[in-house]
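K.L.:
This is a predicted model, with the sequence first.
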Amino acid sequence: MNDIKPTAPEPCFDRATLLERCNGDEEIAKKLLHLSATTFPVYIENLCQFINQKDFEMAKLWAHTLKGAALNMSFHKIAQLAIECNAIDEPDFEKMRLLADKIRVAFAEIRPEIHQFLDTD
């Protein structure tokens, strides 16, 4: 008999881990999420802008920025994609563009969860 069970996919946004990082303080978590709702689109746009300009170093800088911000906010899917983008050693703007597009989609998937958390009392 096989006791191996498939693992559930890691959530795009891990609310429990974010709350743990905030010592259980929902108000702090809400403030951080509110800030993230406005800053992440800017970070993603900056990444895309530098990819389109074929500025490898600046694109990597924004991938690194997104990685750190996503890890801090428990946005696991964005963090993983940003890690992949940041790990690119030689200019491969097509690969970076594909990853940036996936980051954009991942943030769109997280946005409703952010708003749901912000709307809780």
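P.N.:
Looks like it came in fine. Quantities reported herein were computed from a predicted structural model and do not represent experimental measurements.

K.L.:
Show me the helices in the protein, by range?
P.N.:
For the chain, the helices defined by DSSP state H cover 15-21, 26-52, 56-73, 76-86, 93-118.

K.L.:
And the third one, what does it pack against?
P.N.:
Packed against helix 56-73 by the contact rule (3 or more C-beta pairs under 8 Å, 6 or more residues apart in numbering; DSSP states H and E) you find helix 26-52, helix 76-86, helix 93-118. C-betas here are computed from N, CA, C, even on glycine.

K.L.:
related to what we said a few turns ago, export the helices of the chain to a markdown table and tack on mean neighbour count and mean pLDDT?
P.N.:
Shown next, in a markdown table, are the helices of the chain (neighbours: other C-beta atoms under 10 Å; pLDDT from 0 to 100):
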| stretch | mean neighbour count | mean pLDDT |
| --- | --- | --- |
| helix 15-21 | 15 | 93 |
| helix 26-52 | 16 | 96 |
| helix 56-73 | 19 | 97 |
| helix 76-86 | 22 | 96 |
| helix 93-118 | 17 | 94 |
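
K.L.:
re earlier: out of the helices and strands packed on helix 56-73, nearest to His64?
P.N.:
Smallest distance to His64 across the helices and strands packed on helix 56-73 (C-beta to C-beta): 4.9 Å, for helix 76-86.

K.L.:
Using PDB, list the CA coordinates for that closest one.
P.N.:
Taking C-alpha atoms only, helix 76-86 is exported to PDB below (Å, rounded to 0.1, in the frame of the first residue of the first chain):
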ATOM      1  CA  HIS A  76       5.100  32.500  -2.300                       C
ATOM      2  CA  LYS A  77       4.300  32.200  -6.000                       C
ATOM      3  CA  ILE A  78       5.600  35.700  -6.700                       C
ATOM      4  CA  ALA A  79       8.700  35.000  -4.600                       C
ATOM      5  CA  GLN A  80       9.500  31.800  -6.500                       C
ATOM      6  CA  LEU A  81       9.100  33.500  -9.900                       C
ATOM      7  CA  ALA A  82      11.200  36.500  -8.800                       C
ATOM      8  CA  ILE A  83      13.900  34.100  -7.500                       C
ATOM      9  CA  GLU A  84      13.900  32.400 -10.900                       C
ATOM     10  CA  CYS A  85      14.200  35.800 -12.700                       C
ATOM     11  CA  ASN A  86      16.900  37.000 -10.400                       C
END
